[in-house]
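**Q** I would like the atomic coordinates for the input below:
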Amino acid sequence: MHGYVKRIQEAKVRGALSRAPAVAVLGPRQVGKSTTAKILLENVPSVYLDLQDRVDRNKLSEPELFFDRYRDTLICLDEIQLLPEFFSILRSEIDRDRRPGRFLILGSASRDLIRQSTESLAGRIAYIDLMPFIQQEVAEVATWSDFWLRGGFPESLLAGDDIDSFDWRHDFIRTFMERDIPSLGYNIPIPVIERLWRLLAHYHGQTVNYHKMAAAADVSIPTLKKYLSVLEQTYMVRVLPPAETNMKKRLIKSPKIYLRDSGILHALLDIETYDSLLANPVAGASWEGLVVENIIVEHDRWAPSFVRTSNGAEIDLLLERAGKRHLVECKLSKAPKPSRGFYELVEAMRPASAWVVAPVDEPYEVRKGLYVCAPAHLQIS
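**A** As a prediction, this is how the structure comes out:
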């Protein structure tokens, strides 16, 4: 894995360190943040502290003395979500010396969940999100079917076989529930979060009905929303908002929910092999989630949403930026046929381009501005 970490890593992190006093690399556990940082640190004067390690945490018991000793050294703090109160100390230190490239911060929770960082280091920190692999990044080392089945976490995708991959994901899920959520200060009973997570796997790709979902999970609606927020802010769940558009059609206003990694989705549904996946009723929704997540991660400067009218016409993904729109429909078919509702919405919205993303071998144009392609061939600009 040393030579096969994430795409935005060294060059992007190094570029951010050249501009900002502190850079935060955030993403889910086991995605390659520490590996990325250690590769970068090999080439610069640096010190690395793992805040899960009691000895390393004790080194910060007198932070001013520690900073004085390593003032000309890049200081890397891993698992910063375990020490959120430290951000106020960092702010004071950065204000004393605002040279770029002083701190590299790694965390397994979003900037919104690590609330202190957003409040205390505004204007002093650059953020980089490090996500599991997307399909384009691993096309040379994994087939798209393996990627879909196993997901984008490096240890899962590059496991020796499907069983090893499946076992790794089950271990990941168990550790996440038993250790990671409590480490963030949430006292959520393991049976409750496990029941909710498996329920979300069955709701994958559907619009959220909070009343129905809360009843099924046996929790109140406020509790459900709180737990969903935890899963969202730890990169396990994506809540895709409905589009805000001036179309004359009546639109569904509830968000859609996806498990962000297809491999985690399949582990929660006990889908171990590719053949089992194709035979499972969730296959179409799983493919949709895979495509949606890949596109959003790759085009992170675009605002994502979806469109669904009251009569069932739908755009699985709408990307908007600077007045420009691109539309995407997902089809699990070698010979995909866009739905009539999709054509109607394309006609009504007049996007810069429209795409039907399916497991096809070669891209082709259906009509002017409407293309069929595999995820790796989608081009948006």
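
**Q** pLDDT weak spots in the stretch 51-200 of the chain?
**A** For the stretch 51-200 of the chain, residues meeting the criterion pLDDT under 70 lie at 112-120.

**Q** break this structure down into its domains, please.
**A** Split into domains by automatic domain parsing, the chain comes to 9-129, 135-377.

**Q** check the offset of the longest one from the chain's centre.
**A** Centroid displacement of domain 135-377 relative to its chain, using C-alpha atoms, centre = their mean, to the nearest Å, is 10 Å.

**Q** for that domain, measure first residue to last.
**A** Separation of the first and last residues of domain 135-377 by C-alpha to C-alpha, to the nearest Å is 11 Å.

**Q** now do the strands for this protein: every range, in order, please.
**A** With DSSP state E as the criterion, the chain has strands at 22-26, 46-50, 74-78, 103-107, 125-129, 206-207, 237-240, 256-259, 303-308, 314-321, 324-330, 353-357, 364-367, 370-373.

**Q** just want the angle from the longest one to strand 303-308.
**A** Taking axes from the mean of the first three to the mean of the last three C-alpha atoms, to 10 degrees, strand 314-321 and strand 303-308 form an angle of 150 degrees between their directions.

**Q** ok, strand 314-321: who's next to it in the sheet?
**A** Sheet pairing of strand 314-321 (DSSP bridges) gives strand 303-308 (antiparallel), strand 324-330 (antiparallel).

**Q** quick check: buried residues in the longest one?
**A** The one in question is strand 324-330. For strand 324-330, the neighbour count (16 or more other C-beta atoms under 10 Å) marks Arg325, His326, Leu327, Val328, Glu329, Cys330 as buried. (Glycine included, C-beta is placed from N, CA and C.)

**Q** which of the residues you listed lies closest to Leu317?
**A** Nearest to Leu317 out of the buried residues of strand 324-330 is Val328 (C-beta to C-beta; 4.0 Å).

**Q** from Trp355, how far out is the closest one?
**A** Applying C-beta to C-beta, to the nearest Å, one obtains 5 Å for the distance of Val328 from Trp355.

**Q** over to Pro63?
**A** Distance from Pro63 to Trp355, by C-beta to C-beta: 50 Å.

**Q** so for those two, which residue has more residues nearby?
**A** A count of neighbours by other C-beta atoms under 10 Å puts Trp355 above the other of Pro63 and Trp355, at 29 against 14.

**Q** if I look at the more buried one, how far off is Ala322?
**A** Trp355 sits 19 Å away from Ala322, going by C-beta to C-beta.

**Q** next one: Ser381
**A** From Ser381 to Ala322 the distance is 11 Å (C-beta to C-beta).

**Q** let's have the strands paired with strand 314-321 in a markdown table, adding distance to Asp146 and mean pLDDT.
**A** A markdown table is the format used below for these (distance: least, C-beta to C-beta, whole Å; pLDDT from 0 to 100):
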| stretch | distance to Asp146 | mean pLDDT |
| --- | --- | --- |
| strand 303-308 | 26 | 94 |
| strand 324-330 | 19 | 95 |
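
**Q** so for Asp164, which of those strands sits nearest?
**A** Closest to Asp164 of those, according to C-beta to C-beta: strand 324-330, at 28.8 Å.

**Q** list of residues touching that closest one?
**A** 287-288, 291-292, 295, 302, 314-319, 338-339, 342, 345-346, 349, 351-358, 378, 380 (C-beta atoms under 8 Å, 6 or more residues apart in numbering).

**Q** filter the residues you listed down to the buried ones and express that as a PyMOL selection.
**A** Buried residues among the contacts of strand 324-330 (16+ other C-beta under 10 Å), as a PyMOL selection:
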select buried, resi 287+288+291+292+295+302+315+316+317+318+319+338+342+345+346+349+351+353+354+355+356+357+358+378
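
**Q** list the contacts for Arg124?
**A** Ala20, Pro21, Ala22, Arg91, Ile94, Asp95, Arg98.

**Q** make a ChimeraX selection of the buried ones in those residues.
**A** To isolate the buried members of the contacts of Arg124 in ChimeraX, using 16+ other C-beta under 10 Å:
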select :20,21,22,91,94
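
**Q** buried ones in stretch 308-315?
**A** For stretch 308-315, the neighbour count (16+ other C-beta under 10 Å) marks Arg308, Thr309, Ala313, Ile315 as buried.

**Q** and the gap between the second one and Met349?
**A** Read that as Thr309. 12 Å.

**Q** what sits in contact with each of these two?
**A** By C-beta under 8 Å, 6+ apart, no residue touches both Thr309 and Met349.

**Q** what pLDDT does His202 get?
**A** Looking at His202, its pLDDT is 95.

**Q** ok, the buried residues of strand 324-330 vs Gln30, which is closest?
**A** Closest to Gln30, out of all of the buried residues of strand 324-330 and judged by C-beta to C-beta, is Cys330, at 26.8 Å.

**Q** my guess is Gln206 meets Lys256, correct?
**A** Yes: at 6.6 Å, Gln206 counts as touching Lys256 under the criterion of C-beta atoms under 8 Å.

**Q** so the two - more neighbours on which side?
**A** Each of Gln206 and Lys256 has its neighbours counted (other C-beta under 10 Å); Lys256 has more, 25 against 14.

**Q** skipping its backbone neighbours, what lies nearest the more buried one in space?
**A** Leu240 (4.5 Å; C-beta to C-beta, 6 or more residues apart in numbering).
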